[in-house]
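K.L.:
here is my input; please provide its structure:
(chains A and B)
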Amino acid sequence: MKTRLSNGMTRRHFMEHVAGSCALTVPALSLGQSIRAHADELRGNHKAAILLWMGGGPSTMDIWDLKPGAATGGPFQAISTSGNEQISEHMPMMAKQMHHMSIVRSMNTREADHQRGRYYMHTGYVPERRVEHPSYGSVISRVLMEDEARSEGLQIPPFITVGGGSVGPGFLGMAWAPFSVNSNGTVRNLKMSLDDRRLVQRMETLDLIEKGFVSQRRGTASEEHRKILRKTWNLLSSDQMEAMKVAQEPETVRERYGNTNFGRGCLMARRLVEAGVPCVEVGLGGWDNHSNIFATLENNKLPELDRGMSALVEDLEQRGLLEDTAIIWMGEFSRTPRINGNTGRDHFARAWSVVVGGAGIQGGTAVGATSDDGTEVVTDPYTSQDVMASVVKALGIPLETTFTTPTGRPMKIANGGKVIEELFA
Amino acid sequence: MSREIRFTVPLVVTALISLLTVADAAKRPSARWASYDLPQVATINGRMIDSWKEWEIKPSQDATEGEWCRRVYLDVIGRIPTVPELYAFTKSKDKSKKRTLVNRLLYDERYTEEYARNWTTVWTNVLIGRSGGTERNSLTSREGMQKYLRDCFARNKPYDRMVRDLVTAVGSSKPGAENFNGATNFLAMKVNEEKGTLATAATARIFLGLQVQCTQCHNHPFNEWKQQKFWEFNAFFRQTRALRRFRPGTRDVNSAELVDEDFGGEGTPQTPSEAEIYYEQRNAVMLAAYPVFVDGRAIARSGFVEDANRRSLLADLMTSTNRTVDTKTATYLELAAVNRLWGHFLGYGFTTPIDDMGPHNSPTHPELLNHLGLQFREASYDLKQLAEWITLSAPYGLSSQSNSTNATLDDPLLGEDPKFSRFYLRQMRAEELYESLVAATQADKNAASYEEQEKEKNKWLQQFTVAFGNDEGEEATIFNGTIPQALMMFNGDLIKKATSADKGGFLSNLANNRRIPNSRKIDFLFQAGLGRTPTDQEIERANRLLMLRVQDEKGDINKGTIAAMQDVWWAILNSNEFIINH
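P.N.:
Numbering: from 1, shown residues only, chains lettered A, B, ... in the order given. Below you'll find the predicted structure:
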């Protein structure tokens, strides 16, 4: 969208120039009062997080914590990797990248329902009636945007999800909601057919109506709408939207990531992080394998995951981005060690794995362990909060960062989880 | 610029209306609100007034007539009123004009189609989700579901009969197929996989207000439902199968046929006369279960359809036809229906979420909820009467503007229980936006048949649905006040069409309408979009745009006027005030 106007200004510059006094077209300066972060410590923080979200609950004992030979083990064999951990034979490309990634094998959580599990793993809280918690993506982007220079430099949303649904911004407000795009990076309705001058005049009129309504004490929804309008305006006038155009990458790169939604999503995540987006979530669904699990994993899910995820790790590393970018791989829960009558595995949250790496997190190790049949955690158990506390640490965000809910309740980032020390050995 | 084409402020005389309110209040000093001779309305008002006193909050002032009118059109027929409809209401001197309007929207046959369309939309999303029937090879026919529901709402089928239809349906899912029965679409995709657990959870949640899906695998800490109860409820669905019917000569699913078959049970050998099912506890112990309703009433254990048609017996138990009815306590079904409707109209139910009504989540106004449940029963489950009581009640008529006593104490977004002392802002649903634009701009109306219009709308709606990628078909809408929605409102085709200056379009017709003087045209746009007159500042802004557009058009006043109206209309449609039901 780098439309050059006759006098040589970029579109964005022109829009700012012409916007003048219209409040909606001027970037927001105040960031609200709901956060007590340490702005100084965040200054110059260029870190980012990429969450690879495996919707449906992948069977981690068929991917990251194999039990070949056990009655519950299933048919897959374990292979050695570039790290000290072994993983599934159907993840050969990832096996070459495992020195960058660590597996937390002692996850022990309680939520085995999709909705509750998704909420819990995304927020660190179980659903409560009185408060809607923000997802980690909203939290991380909200905190990292405290750095004014970074915030002003970014014109596109700071939390972007590719090819899937995340969990919303909760009490942080719609302005921190994930912006969803599909893996082709097509954003609908981006094209304006109006000349800029007239559009700005329309925005001024709109702002007048908006302000009038907001001033009538009708509640937060009317103010949220106004914030969204401003963000939308920023996005419309930004050439950073180019970051979503995965098709601009050379064919070899696109091939390396895989011609799949997930592959393109991973590639877009890299481009977005390069553009300064602090948090990207890439979704890969289809893990709810109640039946026919092994064929589905071997022929379908694992090849797609293996190619996309390994390409992302390798690419970030080659571009020097991995040291500033945390990667988290997880689903809402895992699947029962017991194989059911339909050759499937059902929901299981008691003993499972997540994978993390990048941003200074120690790679190549397996933290914790499960019993021989995969049914129990036999070392210190870890939770959603602990994983997130570790990621927060890796991102250079102080763990004392606290949010205040609308009811005035202070909430610690990552719900007070403990850093998993083995990840920083 | 000549004075004649200025948009000016119309005078509105409200004195008469306020005099009436005062006179009414003087007669019965404690009654600020009329009950329209409906005891149910009087009860709602009385209970609410008491509870506001207890909380020491003052309810907000009443909504303006324009706001109330816009609200009731949106909530009853799914779109905002047109300007003539709005004027018909605001200018009427009928003392009980609110009741007159509600009755017109509910019972006048000119509104039957829109009433049925709106509630079909609402219930389709409840029963099969926003994307149900849109996936390839789906057993669900969205069209079939909608056909069934439209028929229900057009005829105002009693709610208990509708539930019975949906729970017991047999036949083919797709319109046009032999023995078509659209009601089958509720369960068509929920009975085959995973032992009918989806049917179990959806039936309990939607019709009984009980969230049981977690108890499938274990006793849940936050829910008094036990695993045993889940499987006992599940046993009612085990005779049922959805058979795939293919397009001749292909493997493409054409439709589903929902059937009840004899069920032999899960034992070895099978014992159809005592057809039990088994479930596994967390400690790997297997237990048996037979069909037992949530209140403990059991049915015969036989799996033979002829002896005991389990779904049919379940419907009996749900709708209470087979027992001496407790006259003091509303049933699960009654409570869930009232709570759903209350939530539809007031923005929040008596419980949040509305479909989780277990003892762990007690309602905000238990007595009122129970009372309305019993009244709903008395009214033979007539949804229209229930809608009438709620829309004519005091809480429904309040302004969304808060006062100093209820600004924080009554804001559910701040984690407070809803106290209904103000109207809670909520965004229009995507379908409401669509229908509102069609009504306001008279777009597309005569162009296509009902089916084609619906198809066009459904295509547009699909852009807002995101699936979560699990077997339970969970999904979310991104028409939720975020950037994609704002982009659609800025630049989308629907808005382009609504703001187009093309000949014969809404704006061009308005600009050329000689019966509406130029000075009233901007007023007309504000009435059409927001149900109110513009403020002085807004008029001033519109005049400035008029001047600029006339300049752009090199002095052509006609072209300039339409262009200025385009700008103003675009701004109105994009405003919070337009998209928020307030």
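
K.L.:
count the neighbours of residue A:125 for me.
P.N.:
Neighbourhood size, residue A:125 [other C-beta atoms under 10 Å in any protein chain shown]: 17. In short, each C-beta sits where N, CA and C put it, glycine included.

K.L.:
that one contacts residue A:116, doesn't it?
P.N.:
No: with contacts defined as C-beta atoms under 8 Å, residue A:125 does not count as touching residue A:116, sitting 10.5 Å away.

K.L.:
shared neighbours, these two?
P.N.:
With contacts taken as C-beta atoms under 8 Å, 6 or more residues apart in numbering or on different chains, residue A:125 and residue A:116 have no neighbour in common.

K.L.:
which phi and psi does the residue in the stretch 201-350 of chain A positioned nearest to chain B have?
P.N.:
Using C-beta to the nearest C-beta, the closest approach of the stretch 201-350 of chain A to chain B is made by residue A:285 at 1.7 Å. Here the main-chain torsion angles of residue A:285 (degrees, to the nearest 10) amount to phi -90, psi -170.

K.L.:
pLDDT value on it, please?
P.N.:
The per-residue pLDDT reported for residue A:285 equals 92.

K.L.:
look up the pLDDT of residue 39 for me, please.
P.N.:
No chain was given, so I picked chain A. The score at residue A:39 is 62. That number is its pLDDT.

K.L.:
wrong chain, I was asking about chain B
P.N.:
Model confidence at residue B:39, given as pLDDT, is 96.

K.L.:
burial of it, as a residue count?
P.N.:
Burial of residue B:39, expressed as a neighbour count using other C-beta under 10 Å, amounts to 10.

K.L.:
and for residue B:305?
P.N.:
Based on other C-beta under 10 Å, the number of other residues close to residue B:305 is 17.

K.L.:
just the CA coordinates of stretch A:175-195, formatted as CSV?
P.N.:
As requested, the backbone C-alpha atoms of stretch A:175-195 are provided in CSV (Å, rounded to 0.1, in the frame of the first residue of the first chain):
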residue,chain,number,x,y,z
ALA,A,175,-8.6,-2.6,21.6
TRP,A,176,-6.4,-5.5,22.6
ALA,A,177,-8.4,-8.1,20.8
PRO,A,178,-6.6,-10.5,18.5
PHE,A,179,-6.8,-9.4,14.9
SER,A,180,-7.6,-12.6,12.8
VAL,A,181,-6.4,-13.1,9.3
ASN,A,182,-6.4,-16.1,7.2
SER,A,183,-3.1,-17.7,6.1
ASN,A,184,-3.2,-16.0,2.7
GLY,A,185,-3.0,-12.7,4.5
THR,A,186,-6.0,-11.4,2.7
VAL,A,187,-7.7,-8.8,4.9
ARG,A,188,-11.2,-8.0,3.7
ASN,A,189,-12.4,-4.5,2.9
LEU,A,190,-9.0,-2.9,3.1
LYS,A,191,-9.4,-1.1,-0.1
MET,A,192,-10.7,2.4,0.1
SER,A,193,-12.5,3.8,-3.0
LEU,A,194,-12.6,7.3,-1.6
ASP,A,195,-10.1,10.2,-1.9
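
K.L.:
what are the ranges of the helices in the stretch 101-250 of chain A?
P.N.:
Ranges of helices in the stretch 101-250 of chain A, per DSSP state H, counting those that start in this stretch, are A:114-123, A:136-144, A:148-153, A:196-214, A:220-236.

K.L.:
wasn't residue B:578 part of a helix?
P.N.:
Yes: using DSSP: H, G, I helix; E, B strand; the rest coil, the secondary structure at residue B:578 is a helix.

K.L.:
wait, it touches residue B:530, no?
P.N.:
Yes: under the criterion of C-beta under 8 Å, residue B:578 is in contact with residue B:530, at a separation of 6.1 Å.

K.L.:
okay, and the common contacts of these two?
P.N.:
In the contact map built from C-beta under 8 Å, 6+ apart, the residues linked to both residue B:578 and residue B:530 are residue B:572.

K.L.:
most packed of the helices of the stretch 101-250 of chain A?
P.N.:
Among the helices of the stretch 101-250 of chain A, ranked by average contacts under mean count of other C-beta atoms under 10 Å in any protein chain shown, first place goes to helix A:136-144 (a mean of 27).

K.L.:
quick one: residues contacting the residue in the stretch 1-150 of chain B that chain A sits nearest to.
P.N.:
As assessed by C-beta to the nearest C-beta, chain A sits closest to residue B:60 within the stretch 1-150 of chain B, at 9.3 Å. With contacts defined as C-beta under 8 Å, 6+ apart, residue B:60 is in contact with B:398-403, B:406, B:421-423.

K.L.:
neighbours of residue A:259, how many?
P.N.:
Burial of residue A:259, expressed as a neighbour count using other C-beta under 10 Å, amounts to 10.

K.L.:
on the three-state scheme, it is what?
P.N.:
With three-state DSSP as the criterion, residue A:259 reads coil.

K.L.:
tell me the predicted confidence for it.
P.N.:
Reading off the confidence values, residue A:259 has pLDDT 94.

K.L.:
what does it show for phi and psi?
P.N.:
Per degrees, to the nearest 10, the backbone of residue A:259 is at phi -90, psi 60.

K.L.:
does the residue of the stretch 1-150 of chain B closest to chain A sit in a helix, a strand or a coil?
P.N.:
Secondary structure assignment for residue B:60 (three-state DSSP): coil.

K.L.:
spatially nearest residue to residue 158, not counting backbone neighbours?
P.N.:
I went with chain A, as the question did not name one. Excluding its sequence neighbours, the residue lying closest to residue A:158 (C-beta to C-beta, 6 or more residues apart in numbering or on different chains) is residue A:141, at 3.7 Å.

K.L.:
hmm, no, I was thinking of chain B.
P.N.:
Closest to residue B:158 by C-beta to C-beta, 6+ apart is residue B:381, at 4.2 Å.

K.L.:
what does that neighbour show for phi and psi?
P.N.:
Here the main-chain torsion angles of residue B:381 (degrees, to the nearest 10) amount to phi 60, psi 40.

K.L.:
got a pLDDT number for it?
P.N.:
Model confidence at residue B:381 (pLDDT) stands at 97.

K.L.:
against residue B:549, how distant is it?
P.N.:
According to C-beta to C-beta, to the nearest Å, residue B:381 and residue B:549 sit 55 Å apart.

K.L.:
what does residue A:187 give?
P.N.:
With distances taken as C-beta to C-beta, residue A:187 is found 30 Å from residue B:549.

K.L.:
tell me which helix or strand in chain A has the weakest average pLDDT.
P.N.:
helix A:11-19 (a mean of 50; mean pLDDT, DSSP states H and E).

K.L.:
dump stretch A:112-131 to CSV, restricted to CA.
P.N.:
Output in CSV follows, covering the C-alpha atoms of stretch A:112-131 (Å, rounded to 0.1, in the frame of the first residue of the first chain):
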residue,chain,number,x,y,z
ALA,A,112,-10.4,-31.4,29.8
ASP,A,113,-13.3,-29.6,28.1
HIS,A,114,-12.4,-27.8,24.9
GLN,A,115,-13.8,-24.4,25.9
ARG,A,116,-12.5,-24.5,29.4
GLY,A,117,-9.2,-25.9,28.4
ARG,A,118,-8.7,-23.3,25.7
TYR,A,119,-9.6,-20.5,28.1
TYR,A,120,-7.3,-21.8,30.8
MET,A,121,-4.3,-22.4,28.6
HIS,A,122,-4.7,-19.0,26.9
THR,A,123,-5.2,-17.0,30.1
GLY,A,124,-3.9,-19.0,33.1
TYR,A,125,-7.2,-18.7,34.8
VAL,A,126,-10.2,-21.0,34.9
PRO,A,127,-13.4,-19.4,33.7
GLU,A,128,-15.1,-17.3,36.3
ARG,A,129,-18.5,-15.7,36.2
ARG,A,130,-17.5,-12.2,37.2
VAL,A,131,-14.5,-11.4,35.2
